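Asks: All I have is the shape, not the residue letters:
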Ligand code: NAD
Ligand code: UFG
């Protein structure tokens, strides 16, 4: 079975490619490298000890995609390609709608042209907005608080419409909670551009001495210690969820929407403590004001993933911090070696 992985050079994509190849799938990575390095591909090749097929192309470009489908018989697509910076999406909404929404529509169009109708899409817990209660179930109301989130909601809707128009499609929408950590080898991991927006890479860069201190965005939320609570999930567990979805795809007779989270909420300060323990380094922090658009608490009810996909998170906060530290300490400048 040959799987096209859009965005396969990125953080979650690269980890998924490793598992796919280890499980015996044929893989073709399609990426425009707007937020990834060729070095991630070389590292993946080192882990699996063989070359991988990579096509540099843009999901918005029909000809780039057609060239792939002309040359290869693709059985399914795992669609990671997209832009993901919430703040940038507020500044540049059209860039996000073009890349994420238009790009996904073009991808589906070309897939249909070549009779490839199986797709797993990277959605996000951000589609729940500020949930009225936690844990979050898949049938909770959907609401976007920024253009990035709206782009994910729009693609979910587009894929549902595609299914209504043609029931031969097999579609899974995976709503990720907060992916963190890295491959156990420490050779691939998250390599954000510039100053990290997300908590884990910021903590890791502080521990390694690249940042002076972490700003904790708010300590007056209605949570256990006043800091924001999230459902952190090890990226390798997350990657496994895609394999489980792929194995079961053919049995699905409607669009499946599934939360991929560990189902546990940890506060910012709990993450700091866990990272200090795993790294043996101090993570200095200062309390700062709340970040606009943040919510107090977000964690999944992951029971549907278990029921439908036979999947659950197996790696806990200690493994997330251990592997995140392993990657950061071995690659203090990420892939810019
Ligand atoms: P990433 O930026 O590391 O990976 C995305 C990849 O897509 C990059 O390699 C980038 O170069 C590529 N890409 C972007 N636009 C493209 C285009 N037009 N054509 C071809 N390639 C393109 O991000 P990630 O963290 O691995 O996220 C993967 C997916 O999961 C994204 O769709 C993201 O929105 C979604 N997601 C991520 C998180 C998270 O916190 N990391 C949470 C929820 C959902
Ligand atoms: N935080 C800090 N300091 C920082 C960074 C983050 O205190 O420097 C706090 C935030 O306020 C929040 C928690 O750490 O309470 C987690 O923040 P992240 O930015 O790591 O993650 P978010 O939950 O805000 O958002 C992430 C992705 C979104 C995605 C969402 C749900 O960035 O794209 O998870 O999947 F939509």
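Replies: Right, received. Where do you want to start? Model, not experiment: these values are computed from the prediction. Ligands and ions are numbered 1, 2, ... in the order given.
Asks: now stretch 87-105, how far from the centre of its chain.
Replies: 16 Å (CA atoms, centre = their mean, to the nearest Å).
Asks: hmm, it touching ligand 2?
Replies: No - shown here: stretch 87-105 not in contact with ligand 2 (CB under 6 Å from any ligand atom), separated by at least 9.0 Å. Glycine gets a C-beta too; all of them are placed from N, C-alpha and C.
Asks: Identify each buried residue in that stretch, please.
Replies: Neighbour-count burial for stretch 87-105 flags 88-89, 96-97, 99-105 (criterion: 16 or more other CB atoms under 10 Å).
Asks: Can you give me the end-to-end span of it?
Replies: Terminal residues of stretch 87-105 lie 24 Å apart, using CA to CA, to the nearest Å.
Asks: does any part of that stretch sit near ligand 1?
Replies: Yes - residues of stretch 87-105 are located near ligand 1 by CB under 6 Å from any ligand atom, namely 99, 103.
Asks: who touches that stretch?
Replies: Residues lying outside stretch 87-105 but in contact with it, judged by CB atoms under 8 Å, 6 or more residues apart in numbering, are 58-60, 79, 81-83, 121, 146-148, 151-152, 154-155, 158-159, 197.
Asks: ok now do the residue of the stretch 201-337 of the chain found nearest ligand 1, which residues does it touch?
Replies: Per CB to the nearest ligand atom, residue 235 is where the stretch 201-337 of the chain lies closest to ligand 1, at 8.3 Å. Contacts for residue 235 (CB under 8 Å, 6+ apart) come out as 11-12, 15, 179-183, 189-190.
Asks: any weak-confidence spans in the stretch 201-337 of the chain?
Replies: 337 (pLDDT under 70).
Asks: show me where it has helices.
Replies: 235-248, 268-279, 303-309, 317-330 (DSSP state H, counting those that start in this stretch).
Asks: Quick one: those helices as a markdown table, columns for distance to residue 290 too.
Replies: Putting the helices of the stretch 201-337 of the chain into a markdown table (distance: least, CB to CB, whole Å) gives the following:
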| stretch | distance to residue 290 |
| --- | --- |
| helix 235-248 | 27 |
| helix 268-279 | 12 |
| helix 303-309 | 31 |
| helix 317-330 | 23 |
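Asks: Count residues in the vicinity of residue 197, would you?
Replies: 15 (other CB atoms under 10 Å).
Asks: Quick check: residue 61 vs residue 314, distance?
Replies: 38 Å (CB to CB, to the nearest Å).
Asks: In contact with the residue of the chain found nearest ligand 1: list those residues for me.
Replies: Going by CB to the nearest ligand atom, ligand 1 is nearest to residue 10 of the chain, at 2.1 Å. Residues counted as contacts of residue 10 (CB under 8 Å, 6+ apart) are 31, 35-36, 40, 80-81.
Asks: can those residues go into a markdown table with extra columns for secondary structure, distance to ligand 2 and pLDDT?
Replies: Putting the contacts of residue 10 into a markdown table (DSSP: H, G, I helix; E, B strand; the rest coil; distance: CB to the nearest ligand atom, whole Å; pLDDT from 0 to 100) gives the following:
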| residue | secondary structure | distance to ligand 2 | pLDDT |
| --- | --- | --- | --- |
| 31 | strand | 19 | 98 |
| 35 | coil | 13 | 97 |
| 36 | coil | 17 | 97 |
| 40 | helix | 19 | 98 |
| 80 | coil | 13 | 99 |
| 81 | coil | 15 | 99 |
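Asks: For the residues you listed, work out which two are farthest apart.
Replies: Greatest spacing in the contacts of residue 10, by CB to CB: 40 and 81 (14.1 Å).
Asks: between the two, which one's more packed in?
Replies: residue 81 (29 against 26).
Asks: quick one: contacts for the more buried one?
Replies: Applying CB under 8 Å, 6+ apart to residue 81 gives the contacts 6-7, 10, 30-32, 59, 103, 107.
Asks: Mind doing that once more with 10 Å?
Replies: Residues counted as contacts of residue 81 (CB atoms under 10 Å, 6 or more residues apart in numbering) are 5-10, 13, 30-32, 34-36, 57-60, 99-100, 103-104, 107, 122.
Asks: of the residues you listed, buried ones?
Replies: Counted by 16+ other CB under 10 Å, these give 5-10, 13, 30-32, 35-36, 57-60, 99-100, 103-104, 107, 122 as buried.
Asks: just checking, which of the residues you listed belong to helices?
Replies: Of the buried ones among the contacts of residue 81, the ones assigned to helices by DSSP state H are 13, 103-104, 107.
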